[in-house]
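Peer 1: Fold the following for me, if possible:
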Amino acid sequence: MTQRRQFLGSLAGIALAAPLGRLAGAAPAPPPGLPSGAVESGILAALPGKKPLIKRSFRAPNYETPLQYFDQLYTPNDAFFVRYHLSGIPRVDARSWRLRVGGAAAVAPREFSLEELRRGFEQVEVAAVAQCSGNRRGLYTPHVPGIQWSIGAMGNARWRGVRLRDVLARAGVRPGAVEVAFDGADTGVLAATPDLVKSLPVDKALDEHTLVAFEMNGEPLPHWHGAPARLVVPGWTATYWVKHLASISILPAAFDGYWMKSAYRLPRAAFPGAAAFASQASESTTPITSMVVNSLVTNMVSGQRVAAGVPLEVRGIAWDGGHGIRRVEVAHSMDGPWTAARLGADTGRFSWRQWQYSFRPGAQGSQRLLFRATNHAGETQRSQLVPNPAGYHHNLIQALDLVVG
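Peer 2: Take a look at the predicted model:
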């Protein structure tokens, strides 16, 4: 977008070269089903300011969070997954940064500094899961193209900033506005690389929970997570959570850029519980929007050896697209019976919810536990994957296979 090019030209202190991660050894054993190439290349490496994460690609930098960091309510900033599409990643000087708000459906374009955002608007905080649309893609069967993420392309954090709707109100939203588009300051290596611009339907942009965020877990937004400010869209996959936010455009028609019209699409009606995006839907496809209900065991892995007759606690997390988690259940087979796990504190419908299940392993041999979450809309994890070309929305009931000795 032309606004973005002008903005980049005026920025001071941008370093476009993203450094390679510092190698830190072999990654933990992944869940069964990850392609062998992804297992071999998924080494531990530490980006500047980060703990060692599981490398999926160096440029653009894509790193996932190891399992042990999910065994807590909020994912530490320095262990939070990193996801970029483009390799030119700016280090923006927060003092000179400006957020431009305009577009054909804006009444009067405005510009805000970080200090003006902090002082000129009510600050709010929301706990919300940020999850890459392709999380668990590498576990899809049959395998599909794309970054072969395992389970760690997600994290839960407290995001603090200002309501997007309050910012838009300063520029004025004309009647008939259809979408709001967002552009970050990251760039592609080649001029032909499509600019990473995402849009939201105007009602989602005006939702009280959609934020321009400048803090993460009580700290200034880190570089790898979009400093000095990013978009936070609770309940929707993180493809919409634009980092290093540079400009916002209020539009009278659907945005037609590559990252909306071609990328991040699903077969229409494949996921009927997902939030609608009518202005971007075609006869055959629609954009991915809200997350599906899901869960994860966080303190044990399949193949782990446990002692017969010794009490054991399995811990985990469950989350969805904003309805909130109603229950998590455990069984030894798909036929049941299903027993309720204990839910932890409810920290908001966009946050994940911790759970625990205590049991005593039986006789020596193998023992399987199955875990499924259900949200307040009655949606439950699936026993079979929904086919889609990009491997989105992997939410199979999780199996934990233990070796009892």
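Peer 1: can you list the residues that contact stretch 72-83?
Peer 2: With contact meaning Cβ atoms under 8 Å, 6 or more residues apart in numbering, stretch 72-83 is reached by 47, 49-51, 53, 61-66, 69, 127, 130, 132, 152-158, 216-217, 219, 222, 224-225, 238, 344-345, 347, 351-352, 354. No exception for glycine: its C-beta is placed from N, CA and C like everyone else's.
Peer 1: if we go to 7 Å?
Peer 2: Here stretch 72-83 makes contact (Cβ atoms under 7 Å, 6 or more residues apart in numbering) with 47, 49-51, 53, 61-65, 69, 132, 152-158, 216-217, 219, 222, 224-225, 238, 347, 354.
Peer 1: Give me the buried positions along it.
Peer 2: 73, 74, 75, 77, 79, 80, 81, 82, 83 (16 or more other Cβ atoms under 10 Å).
Peer 1: Identify those among those residues that sit within helices.
Peer 2: The members of the buried residues of stretch 72-83 all map outside helices under DSSP state H.
Peer 1: Low-confidence bits of the protein, can you list those?
Peer 2: Within the chain, the stretches with pLDDT under 70 are 1-21.
Peer 1: what sits against residue 158?
Peer 2: Here residue 158 is in contact with 74, 125, 127, 217, 218 (criterion: Cβ under 7 Å, 6+ apart).
Peer 1: For the third one, name its beta-bridge partners.
Peer 2: Beta-bridge pairing of residue 127 under DSSP bridges involves residue 158.
Peer 1: Can you tell me how far residue 366 is from residue 151?
Peer 2: Look at residue 366 and residue 151: by Cβ to Cβ, to the nearest Å, they are 22 Å apart.
Peer 1: between these two, who's got more neighbours?
Peer 2: Set residue 366 next to residue 151 and count neighbours by other Cβ atoms under 10 Å: residue 151 wins out with 24 against 9.
Peer 1: Spell out which residues sit in contact with the spatially most distant residue from the centre of the chain, please.
Peer 2: Going by Cα atoms, centre = their mean, the residue of the chain most distant from its centre is residue 363, 40.3 Å out. Residue 363 is in contact with 308, 404, counting by Cβ under 7 Å, 6+ apart.
Peer 1: Enumerate every residue touching residue 219.
Peer 2: residue 77.
Peer 1: Show me what it bridges to in the sheet.
Peer 2: Assessed by DSSP bridges, residue 219 has beta-bridge partners residue 216.
Peer 1: Residue 198 too?
Peer 2: Per DSSP bridges, the residues bridged to residue 198 are residue 182.
Peer 1: That one contacts residue 241, doesn't it?
Peer 2: No. Counting by Cβ atoms under 7 Å, residue 198 stays clear of residue 241, with 8.6 Å between them.
Peer 1: For those two, indicate the residue with more neighbours.
Peer 2: Using other Cβ under 10 Å as the criterion, residue 198 and residue 241 rank with residue 241 on top: 26 against 23.
Peer 1: Identify the residue nearest residue 255 in space, chain neighbours excluded?
Peer 2: In space, and not counting its chain neighbours, residue 255 is closest to residue 199: 4.0 Å by Cβ to Cβ, 6 or more residues apart in numbering.
Peer 1: Check the burial of that neighbour by counting its neighbours.
Peer 2: Neighbourhood size, residue 199 [other Cβ under 10 Å]: 26.
Peer 1: ok, now which ones touch it?
Peer 2: With contacts defined as Cβ under 7 Å, 6+ apart, the neighbours of residue 199 are 179, 180, 181, 255, 260.
Peer 1: Quick check: the fourth one vs residue 89, distance?
Peer 2: Same thing as residue 255. The value you get for residue 255 to residue 89, if Cβ to Cβ is used, is 23 Å.
Peer 1: More neighbours: which of these two?
Peer 2: Shown here are residue 255 and residue 89; by other Cβ under 10 Å, residue 89 has more neighbours (25 against 22).
Peer 1: ok but residue 111 is inside a strand, no?
Peer 2: Yes. According to DSSP: H, G, I helix; E, B strand; the rest coil, the state of residue 111 is that of a strand.
Peer 1: give the contact list for the residue lying closest to residue 291 once chain neighbours are set aside.
Peer 2: Distances taken as Cβ to Cβ, 6+ apart put residue 321 closest to residue 291, at 4.3 Å, once the chain neighbours are dropped. For residue 321, the contacting residues are 235, 275, 290, 291, 292, by Cβ under 7 Å, 6+ apart.
Peer 1: next one: residue 125
Peer 2: Residues counted as contacts of residue 125 (Cβ under 7 Å, 6+ apart) are 158, 159, 160.
Peer 1: Around the last one, how many other residues sit close by?
Peer 2: Spelled out, that is residue 160. Count around residue 160 with other Cβ under 10 Å applied: 20.
Peer 1: thought it was touching residue 215?
Peer 2: Yes. Using Cβ under 7 Å, residue 160 makes contact with residue 215 at a distance of 3.8 Å.
Peer 1: Kindly provide the distance from residue 140 to residue 393.
Peer 2: From residue 140 across to residue 393, the span is 10 Å (Cβ to Cβ).
Peer 1: quick one: which of those two has more around it?
Peer 2: Under the criterion of other Cβ under 10 Å, the comparison of residue 140 against residue 393 puts residue 393 first, with 26 against 23.
Peer 1: and residue 98, bridged to which residues?
Peer 2: On the basis of DSSP bridges, residue 98 is bridged to residue 113.
Peer 1: I'd guessed it sits against residue 109; true?
Peer 2: No. With contact defined as Cβ under 7 Å, residue 98 does not count as touching residue 109 (11.8 Å).
Peer 1: Now do the phi/psi pair for residue 69.
Peer 2: Backbone dihedrals for residue 69, given as degrees, to the nearest 10, come out at phi -80, psi -10.
Peer 1: That one: how many residues sit nearby?
Peer 2: Neighbours of residue 69 under the rule other Cβ under 10 Å: 19.
Peer 1: mind listing what it touches?
Peer 2: So residue 69 contacts 75, 76, 79 (Cβ under 7 Å, 6+ apart).
Peer 1: Likewise for residue 326?
Peer 2: Per Cβ under 7 Å, 6+ apart, neighbours of residue 326: 374, 375, 376.
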